[in-house]
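1. Predicted coordinates and the sequence they were generated for:
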Amino acid sequence: MVLKPKLRFVDSELEKIKQNHLYRKLKYGTTKGAIITIQQKDLINLCSNDYLGIPPLNMKLKQMQSSSRLVSGNDESYQNLEKKLAEHKSLEASLIFPTGYMANLGAIPAIAKKGDLILSDEFNHASIIESCKLSGAKISIYKHNNMEDLYSKLKSNQKNKFVISEGIFSMDGDFSKLKEITDIATKTGAMTILDDAHGDFVVGKNGKGTGSYFGVSKKIDLYVSSLSKGLGSFGGYISSQKNVIDLCVNKSKAFIYTSALPSFLVEYSLKRFDSNREKYQKKLQTNTKLLVNGLKEIGYSINSKTHIIPIIIGDEKTAMGFGHYLFKNGVYAQPIRYPTVPKNKARLRISVTAWLSPQNIENSLEVFDRAYKKFMKF
Ligand code: PMP
């Protein structure tokens, strides 16, 4: 892949690391007892942190790698999953982190630094906010999905500029204006970072995510996502051009200085990735329609076009009462309050899954009907 001009800084940083003999490269291996096998060579493992060496109690449970991926924690299963995730995102490479939160914490400060400018949507997730702070770059918050605000704030002539948005916003369930974001980023020479934790595996062709949903996959420079949501497994990952991933391997503290995700979780993700995801994607769409239509019929005002459905209540006390009423009547959905959402924008957040049967949905709607009369009609 030809290196995008706006990513040239990545190559020069990598070159510096190489010149100082500090370049790190992952070696894949398999751990069994005291032996690690790397490139078909059995080696005595003197770099594991599994100090007590307690044998696996259940033979089906594999031994943990008990080490950072750059030391002896890099099981071969990572190579398979990272390859599949890169193809899934139509990008050159991927890198798995222990969680999505850590993927943000690791990747953003590895590529953005003091002197750079980050434009971040005001509704971005806490892990993005903390990661931006950690980078040392100048942070400019643009109004939620407001493209005029984004454009006016991006026009500065700072050298390296980044726009960061979620694909589907976790608390409002709305899509980002990704087509416009990528157009503005192209016009202003900014790099687009998309946290697609809630859209990945769920929307777009073959579940390729929000980029694919809007037909702008190729314009996303760095994807951050979670394996713990659409895929129902555990972990986080990023996808980008190979040199960006290389830079993260060399600079991401949340990658270098933590233990690798256990290989059995990576294998679990691989199995779920290879399952008939399309069938479940369709079921989720059907369930979402069913629930949204039912809620609208009751009288709720629903604006969401995704499987994340907020019912905006307003004051925190009523939202808590609403949540408690649902709980008492057999429905579990969380009231979300400040500081997760702005003050007086408390809401009940519903997330639909393909697990729900039509009966589950019907029963929930009955409870929502009663709750509406009790809490929403004044
Ligand atoms: N990004 C967003 C937008 C999220 O909503 C979340 C989790 N709520 C994360 C990242 C973190 O993902 P994980 O749960 O895998 O740490």
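-> Looks like it arrived, so ask away. Here the structure is a predicted model, which is why all the values come from computation and not from measurement.

2. By proximity to the ligand, which residue of the stretch 1-150 of the chain wins?
-> In the stretch 1-150 of the chain, the residue that lies nearest the ligand is residue 100 (2.5 Å; CB to the nearest ligand atom). C-beta: built from backbone N, CA, C; applies to glycine.

3. Contact partners for that residue?
-> Residue 100 sits next to 127, 195, 197, 224, 225, 226, 227, 228, 229, 235, 236 when contact means CB atoms under 8 Å, 6 or more residues apart in numbering.

4. Are any of the residues you listed buried, and if so which?
-> 127, 195, 197, 224, 225, 226, 227, 228, 229, 235, 236 (16 or more other CB atoms under 10 Å).

5. pull the longest helix from the protein.
-> Using DSSP state H, we find that the single longest helix of the chain is helix 277-298.

6. so what does that one touch, helix or strand wise?
-> strand 308-314, helix 358-371 (3 or more CB pairs under 8 Å, 6 or more residues apart in numbering; DSSP states H and E).

7. Off-centre distance for that helix?
-> Centroid displacement of helix 277-298 relative to its chain, using CA atoms, centre = their mean, to the nearest Å, is 22 Å.

8. and the protein, which residues reach the ligand?
-> Neighbours of the ligand within the chain, by CB under 6 Å from any ligand atom: 99-101, 125, 127, 166, 170, 195, 197-198, 226, 228, 236.

9. one more time with 5 Å, if that's ok
-> Within the chain, the positions lying close to the ligand (CB under 5 Å from any ligand atom) are 99, 100, 101, 125, 127, 166, 170, 195, 197, 226, 228, 236.

10. wait, what's in contact with the last one?
-> When the contact criterion is CB under 8 Å, 6+ apart, the partners of residue 236 are 96-104, 224-228.

11. Switch those residues over to TSV; also include secondary structure.
-> Below are the contacts of residue 236 laid out as TSV (DSSP: H, G, I helix; E, B strand; the rest coil):
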residue	secondary structure
96	strand
97	strand
98	coil
99	coil
100	helix
101	helix
102	helix
103	helix
104	helix
224	strand
225	strand
226	strand
227	coil
228	coil
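
12. Turn these into a markdown table, including pLDDT.
-> Output for those, formatted as a markdown table (pLDDT from 0 to 100):
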| residue | pLDDT |
| --- | --- |
| 96 | 98 |
| 97 | 98 |
| 98 | 98 |
| 99 | 98 |
| 100 | 98 |
| 101 | 98 |
| 102 | 98 |
| 103 | 98 |
| 104 | 98 |
| 224 | 98 |
| 225 | 98 |
| 226 | 98 |
| 227 | 98 |
| 228 | 98 |
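
13. Touching the longest helix of the chain from outside, list them.
-> So helix 277-298 is contacted by 201-202, 206-207, 302, 304, 306-307, 309, 311, 350, 352-354, 356, 358, 361-362, 364-365, 368-369, 372 (CB under 8 Å, 6+ apart).

14. filter those to the buried ones?
-> The neighbour count (16+ other CB under 10 Å) marks 201-202, 207, 302, 304, 306-307, 309, 311, 350, 352, 354, 356, 361, 364-365, 368-369, 372 as buried among these.

15. returning to that earlier point: go through the contacts of residue 236 and say which is closest to residue 213.
-> residue 225 (13.8 Å; CB to CB).

16. Give the bridge partners for the closest one, please.
-> Beta bridges link residue 225 to residue 237, judged by DSSP bridges.

17. domains of the protein?
-> 76-273, 281-312 (automatic domain parsing).

18. buried stuff in the last one?
-> By neighbour count on 16+ other CB under 10 Å, the buried set for domain 281-312 is 281, 284-285, 287-288, 290-292, 294-295, 298, 300, 302, 304, 306-312.

19. try stretch 20-40
-> Quick answer for stretch 20-40 (16+ other CB under 10 Å): 26, 29, 30, 31, 36, 38.

20. Which members of those residues are positioned in strands?
-> Counting by DSSP state E, the buried residues of stretch 20-40 place 29, 30, 31, 36, 38 in strands.

21. Identify the residues contacting the helix or strand hosting residue 127?
-> Residue 127 belongs to helix 126-135 when assigned by DSSP states H and E. Residues from elsewhere that reach helix 126-135 (CB under 8 Å, 6+ apart): 100-101, 104-105, 107-109, 112-114, 116, 118, 120, 139, 164, 166, 195.

22. Name only those of those residues that count as buried.
-> Judged by 16+ other CB under 10 Å, buried ones among the contacts of helix 126-135: 100-101, 104-105, 107-109, 112, 116, 118, 120, 139, 164, 166, 195.

23. Tell me which two in those are the farthest apart.
-> The span of the buried ones among the contacts of helix 126-135, defined through CB to CB, is set by 100 and 116 at 22.7 Å.

24. Could you tell me how many residues sit around residue 5?
-> Per other CB atoms under 10 Å, the neighbour tally for residue 5 reads 8.

25. Same check on residue 123?
-> Number of residues near residue 123 (other CB under 10 Å) recorded here: 20.

26. show me the contacts for the nearest residue to it once chain neighbours are set aside.
-> Nearest non-adjacent residue to residue 123, counting by CB to CB, 6 or more residues apart in numbering: residue 144, 4.7 Å away. Counting by CB under 8 Å, 6+ apart, residue 144 makes contact with 121, 122, 123, 169, 172.

27. quick one, phi/psi of the third one?
-> Phi and psi for residue 123, reported as degrees, to the nearest 10, are phi -100, psi 10.

28. That one and residue 142, how far apart?
-> For residue 123, the distance to residue 142 (CB to CB, to the nearest Å) stands at 10 Å.
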